[in-house]
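Asker: coordinates only, sequence not included:
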């Protein structure tokens, strides 16, 4: 089951780290990093059901937006 | 020296029935790998068979080159396994390159205890040559088998209890009738067109250059696959060794190209030079530019006409799933036709359709996924593809995501109406009902040789009756590898195995009634 309740310690710190990862990079480079990050995290989660729920949620939010 | 594909192997000869219409139990249309394998299998089962082919030679150019373990096992049963493995180049290792670097290597069959390797590479014309030689051997031994060169089928008529074919020959047309016509006449199947049947699927907008080159190079006997290499930017490349110093090179070219111009040596040679480097001497043996589609017929049986191989389904070449799956079609069909011609109900032929349509879907799915990885269809899919490849060098988790072709493995007929529910608690999943038998060493050789092409009741550490009607009884001892593959967590096992060496049923011990019912089901008598 996908966790949608807050689960990250130090959310501001994480968010800053994520932005820092992309700082000074052009868009193509950032996209490539994001793609690798998705794959690395997906493998770490390793649960196809959770991943499917995460993908559905990501698509739903962007469709609504 | 005349190459084998320039030699007439089954030249036209006039037959008496060109003057007087004759009837045959089975007519096979097309003497490619699938048609020939089917004819040999039927003849070995004493089913009279006539093969009609519009040509009189093996195929031109190397075409299919990777023959899988299962194909070799079927060839063992058909009597040409030694010839194929003796001539073929055995390989089981591959390497993947991305951009300028090797990112990882793989081994297809790290498991011991199999007679045959994961693959041999062999030009299709040699494979067909061995099939024709075996066919001649069976003819010489008195088997009811005939091959007619330059006999082109021009019309097909379905009648109530037979099919009628019109055939064009150098001496003019004649007609014949058959209980069953098997169309093994390739992706552009004329028989399929004559019956007005659809062949729908997905077209891939891409071109590939195949070059077979003769060179003395010390590349190892491995499958090398490049994504986006410096010598073919933005595209893929494949290098594979074949017998007799021939190498298969496959270069992706993209969609908007001049196909005729790309086949010319003045275009091909610089491309190969860029790939192989300035010091490697080579000469071109065969060049072709191809596109491909993934598609299948909705059904493989249409009344008295059945379709097998590329005529029924077409896949991309990545994964070697074309010829290999066609050979599995042939083996699935041969024993069922033999049963029907010996008086069984026709209903079993519908299980050919059910089992092989499911197999075709599996092959198309795998082949489509490979193609989508090799040729990303959008900037985002390319981004993920490159992300996977970039990670694969350092992060092993990414390697299973790399898809340069999921190499052919035989389908498991899960859900087949011929299966009896698994009754072997703790039995290994890989040998469940529907699965092709996995080879294993036995005391005097190999398991698959012991199984052969009959219905078999196999016992491992289990008591069996001395003999059983319609079934060959095979008793085996509880040896380590065999037990690991067939007994698993149980203490003993009894298997009912079909003539195509797929498992029909399994139990922890022999019970006459259960075996009799499973046998009737496997013979299609309960369909």
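Answerer: Thanks, I have it. These figures come from a predicted structure and were not determined experimentally.

Asker: in the helix of greatest length in chain A, what's buried?
Answerer: Longest helix in chain A by number of residues (criterion: DSSP state H): helix A:27-45. The neighbour-count check on helix A:27-45 (16 or more other CB atoms under 10 Å in any protein chain shown) flags A:31-32, A:34-36, A:38-39, A:42-43 as buried. For every residue, glycine as well, the C-beta is placed using N, CA and C.

Asker: Quick check: which element contains residue B:424?
Answerer: Residue B:424 belongs to no helix or strand when assigned by DSSP states H and E.

Asker: Can you give me the neighbour number for it?
Answerer: Using other CB atoms under 10 Å in any protein chain shown, residue B:424 has 24 neighbouring residues.

Asker: so who does it touch?
Answerer: B:488, B:490, B:493, B:506-508 (CB atoms under 8 Å, 6 or more residues apart in numbering or on different chains).

Asker: Not counting sequence-adjacent ones, nearest residue to it?
Answerer: Nearest residue to residue B:424 in three dimensions, chain neighbours excluded: residue B:506, at 4.4 Å (CB to CB, 6 or more residues apart in numbering or on different chains).

Asker: helix/strand/coil for residue 57?
Answerer: Went with chain A since none was named. Under DSSP: H, G, I helix; E, B strand; the rest coil, the three-state class of residue A:57 is helix.

Asker: let's do chain B instead
Answerer: From three-state DSSP, the assignment for residue B:57 is coil.

Asker: so it sits right up against residue B:9, yeah?
Answerer: Yes - assessed by CB atoms under 8 Å, residue B:57 is found in contact with residue B:9 at 5.9 Å.

Asker: residues from chain B in reach of chain A?
Answerer: Counting by CB under 8 Å from any CB of the partner chain, the residues of chain B close to chain A are B:383-384, B:386-388, B:390-391, B:395, B:397-398, B:401.

Asker: Look up the closest residue to the residue in chain A that chain B sits nearest to, ignoring the ones flanking it.
Answerer: Residue of chain A nearest chain B, by CB to the nearest CB: residue A:35 (3.7 Å). In space, and not counting its chain neighbours, residue A:35 is closest to residue B:387: 3.7 Å by CB to CB, 6+ apart.

Asker: Verify the stated contact: the one you found with residue A:31.
Answerer: No - with contact defined as CB under 8 Å, residue B:387 does not reach residue A:31; the gap is 9.1 Å.

Asker: Tell me who's in contact with the residue nearest to residue B:45 when sequence neighbours are not counted.
Answerer: Spatial nearest neighbour of residue B:45, chain neighbours left out: residue B:338 (4.1 Å); criterion: CB to CB, 6+ apart. By CB under 8 Å, 6+ apart, the residues touching residue B:338 are B:42, B:45-47, B:499.

Asker: What of residue B:148?
Answerer: When contacts are counted by CB under 8 Å, 6+ apart, residue B:148 is found next to B:10, B:12-13, B:15, B:50-53, B:169.

Asker: switch the cut-off to 10 Å
Answerer: B:10-15, B:18, B:27, B:31, B:50-53, B:56, B:167, B:169 (CB atoms under 10 Å, 6 or more residues apart in numbering or on different chains).

Asker: So which bits of stretch B:410-430 are buried?
Answerer: Result for stretch B:410-430 [16+ other CB under 10 Å]: buried residues B:410-413, B:416-420, B:422-424, B:427-428.

Asker: From those residues, pick the one nearest chain A.
Answerer: residue B:412 (20.7 Å).

Asker: unless I'm mixing things up, that closest one is touching residue B:438, no?
Answerer: No - judged on CB atoms under 10 Å, residue B:412 makes no contact with residue B:438 at a distance of 11.1 Å.

Asker: any common contacting residues for these two?
Answerer: Here residue B:412 and residue B:438 share the contacting residues B:430-431, B:503, scored by CB under 10 Å, 6+ apart.

Asker: In strands only, show me the residues you listed.
Answerer: Among the shared contacts of residue B:412 and residue B:438, the ones falling in strands (DSSP state E) are residue B:503.

Asker: out of the contacts of residue B:424, who's nearest chain A?
Answerer: residue B:488 (26.0 Å).

Asker: which residue ranges form the helices in chain B?
Answerer: Going by DSSP H, chain B shows helices at B:33-44, B:69-78, B:81-87, B:124-140, B:190-194, B:259-262, B:265-276, B:323-341, B:347-374, B:379-392, B:447-451, B:480-486, B:512-522.

Asker: any chance of these in JSON lines, plus mean pLDDT?
Answerer: Output for the helices of chain B, formatted as JSON lines (pLDDT from 0 to 100):
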{"stretch": "helix B:33-44", "mean pLDDT": "98"}
{"stretch": "helix B:69-78", "mean pLDDT": "98"}
{"stretch": "helix B:81-87", "mean pLDDT": "97"}
{"stretch": "helix B:124-140", "mean pLDDT": "97"}
{"stretch": "helix B:190-194", "mean pLDDT": "98"}
{"stretch": "helix B:259-262", "mean pLDDT": "93"}
{"stretch": "helix B:265-276", "mean pLDDT": "93"}
{"stretch": "helix B:323-341", "mean pLDDT": "98"}
{"stretch": "helix B:347-374", "mean pLDDT": "95"}
{"stretch": "helix B:379-392", "mean pLDDT": "96"}
{"stretch": "helix B:447-451", "mean pLDDT": "97"}
{"stretch": "helix B:480-486", "mean pLDDT": "97"}
{"stretch": "helix B:512-522", "mean pLDDT": "97"}
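
Asker: which of the contacts of residue B:338 count as buried?
Answerer: Listed as buried from the contacts of residue B:338 are B:42, B:45, B:47, B:499; burial here means 16+ other CB under 10 Å.

Asker: Where does pLDDT dip in chain A?
Answerer: Low-confidence segments of chain A (pLDDT under 70): A:62-65.

Asker: List the contacts of the residue sitting nearest the centre point of chain A.
Answerer: When CA atoms, centre = their mean is applied to chain A, the residue found nearest the centroid is residue A:38 (6.1 Å). Applying CB under 10 Å, 6+ apart to residue A:38 gives the contacts A:51, A:54-55, A:58, B:384, B:387.

Asker: How about residue B:66?
Answerer: Applying CB under 10 Å, 6+ apart to residue B:66 gives the contacts B:88-89, B:91, B:118-122, B:223, B:240, B:242, B:248, B:317, B:319-324, B:405, B:407-408.

Asker: which ones among those residues are found in strands?
Answerer: Using DSSP E, those in strands are B:89, B:91, B:119-121, B:223, B:240, B:242, B:248.

Asker: now those in a markdown table, with pLDDT and neighbour count?
Answerer: Below are the ones in strands among the contacts of residue B:66 laid out as a markdown table (pLDDT from 0 to 100; neighbours: other CB atoms under 10 Å in any protein chain shown):
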| residue | pLDDT | neighbour count |
| --- | --- | --- |
| B:89 | 95 | 19 |
| B:91 | 87 | 19 |
| B:119 | 91 | 27 |
| B:120 | 95 | 26 |
| B:121 | 95 | 24 |
| B:223 | 92 | 24 |
| B:240 | 93 | 25 |
| B:242 | 93 | 23 |
| B:248 | 94 | 21 |
